[in-house]
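In: Pasting the sequence and the predicted model now:
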Amino acid sequence: MEKIAVLLLNMGGPDSLDAIRPFLYNLFSDHDIVEIPRPIQKPVAFFISFFRAKKTRHYYELMGGKSPQREQTEAQAKALQKILPENFIVKPAMRYWKPFIETAVKESIEEGARAFVLLPMYPQYSKTTTGSSFNEFERVYKRLGLNLPFVKIHSYHNHPLYIRAMVERIKERVKEPEKYFFLFSAHSLPVKVIERGDPYKDQTEETVRLIMEHFPGVKYALGYQSKVGPVKWLEPQTEELLEKVVKAGHKRIVVVPVSFTCEHSETLYELDHQYGNLAKELGVEEYVRIPTLQDHPTYIALLKELVLDAQKELEGQLSGLAHSQSIT
Ligand SMILES: C=CC1=C(C)c2cc3[nH]c(cc4nc(cc5[nH]c(cc1n2)c(C)c5CCC(=O)O)C(CCC(=O)O)=C4C)c(C)c3C=C
Ligand SMILES: [Fe+2]
Ligand SMILES: [Fe+2]
């Protein structure tokens, strides 16, 4: 049977304090995530990364000197590899830091892969995240002169197994949900990206609504975190929403990150440290932050189902190829 590489697409995070600046340079050089005019994008990225690395160094110091994203994506890859048939090779493939998409593609080819499944670790599609990784894959594919079939999985924000995994994750930590206010926190995006048709906001709202169908009567709200720079981003901001909700009398808060499946600076620093401290100052009695899914068995079962569906699509493409080759 043909070997198929499954690339787990993620952002990647600095693996040392020295990696912060080059990681940020790669991020700010990407026109899919930050639209700086192309002729000046790289020099501007050089300056921004220089100053932002100084500012964010202490986030990473608090996390032990690096982002845990690589280890956690590797754990997801290992768990998925274990439950997939033997013809699959599962690899993390990062956009801005090691192991880069190019490395994952080259290794897959060396190990005999003859097709690819592109599987984002972002449940909701945005052109700034999943779209950017797809574009990078296609650039690498062209550069390496590949002519192999591949399938892109765009999103799974409303898949019943994803919703079930999120509900199970919440119930592991919260035994009496009706006593809490649920504060969902998604990564923010510039409003102009949504206005141009990005489905991220609608998909995020749908995820939240589907999760809350499992918690009837529980009060909840959705906020957006981690805005960067001066343009208008999605609102309300998680931090402001937290203040508002507490001032309205809710003293037990469950915080649920929705756009991430691994821990990183924005969960460990912003949600736990910054907003956790703010909650204390505001007099919150209980502040429960739900961990990201990581290698939760139901999430890994979902990934398996997505990959096996993609395999069917690939088989269609491969038989189409064989057919056209036999005609010519
Ligand atoms: C400047 C524009 C940015 C957009 C748009 C953006 C969207 C976006 N990001 C994530 C997930 C993650 N972002 C992470 C770090 C990070 N993101 C930006 C900028 C934008 N993100 C920066 C500058 C950084 C670096 C940290 C910082 O300097 O504040 C990470 C964590 C990486 C790690 O440390 O492990 C994740 C994950 C999503 C889901 C998203 C849009 C939907
Ligand atoms: Fe698709
Ligand atoms: Fe980000």
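Out: Structure received. Numbers count the residues shown, from 1 in each chain. Ligands and ions are numbered 1, 2, ... in the order given.
In: all helices of the stretch 51-200 of the chain, in order?
Out: 69-83, 101-110, 130-143, 160-173, 191-195, 200-212 (DSSP state H, counting those that start in this stretch).
In: I'd like the ones you listed written out as a markdown table, with mean neighbour count and distance to I33 added.
Out: (C-beta placed from N, C-alpha, C; glycine too.) Formatted as a markdown table, the helices of the stretch 51-200 of the chain follow (neighbours: other CB atoms under 10 Å; distance: least, CB to CB, whole Å):
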| stretch | mean neighbour count | distance to I33 |
| --- | --- | --- |
| helix 69-83 | 19 | 16 |
| helix 101-110 | 18 | 14 |
| helix 130-143 | 18 | 6 |
| helix 160-173 | 18 | 23 |
| helix 191-195 | 14 | 9 |
| helix 200-212 | 19 | 12 |
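In: Which among those is found nearest to ligand 1?
Out: Relative to ligand 1, the nearest member of these by CB to the nearest ligand atom is helix 69-83, separated by 3.8 Å.
In: and the closest one, anywhere near ligand 1?
Out: Yes - legend: contact between helix 69-83 and ligand 1 by CB under 6 Å from any ligand atom is shown at Q69.
In: which helices and strands sit right next to that helix?
Out: Packed against helix 69-83 by the contact rule (3 or more CB pairs under 8 Å, 6 or more residues apart in numbering; DSSP states H and E) you find strand 3-10, strand 88-94, helix 297-327.
In: E195 is nearest to which of the ones you listed?
Out: strand 3-10 (25.1 Å; CB to CB).
In: quick check, whichever strand or helix holds E239 touching ligand 1?
Out: If you go by DSSP states H and E, E239 is part of helix 238-247. No - if you take CB under 6 Å from any ligand atom as the test, helix 238-247 misses ligand 1, and the best it gets is 13.4 Å.
In: For the helices of the stretch 51-200 of the chain, give me TSV that also has mean pLDDT.
Out: TSV is the format used below for the helices of the stretch 51-200 of the chain (pLDDT from 0 to 100):
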stretch	mean pLDDT
helix 69-83	98
helix 101-110	98
helix 130-143	98
helix 160-173	98
helix 191-195	98
helix 200-212	98
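In: Understood, closing this out.
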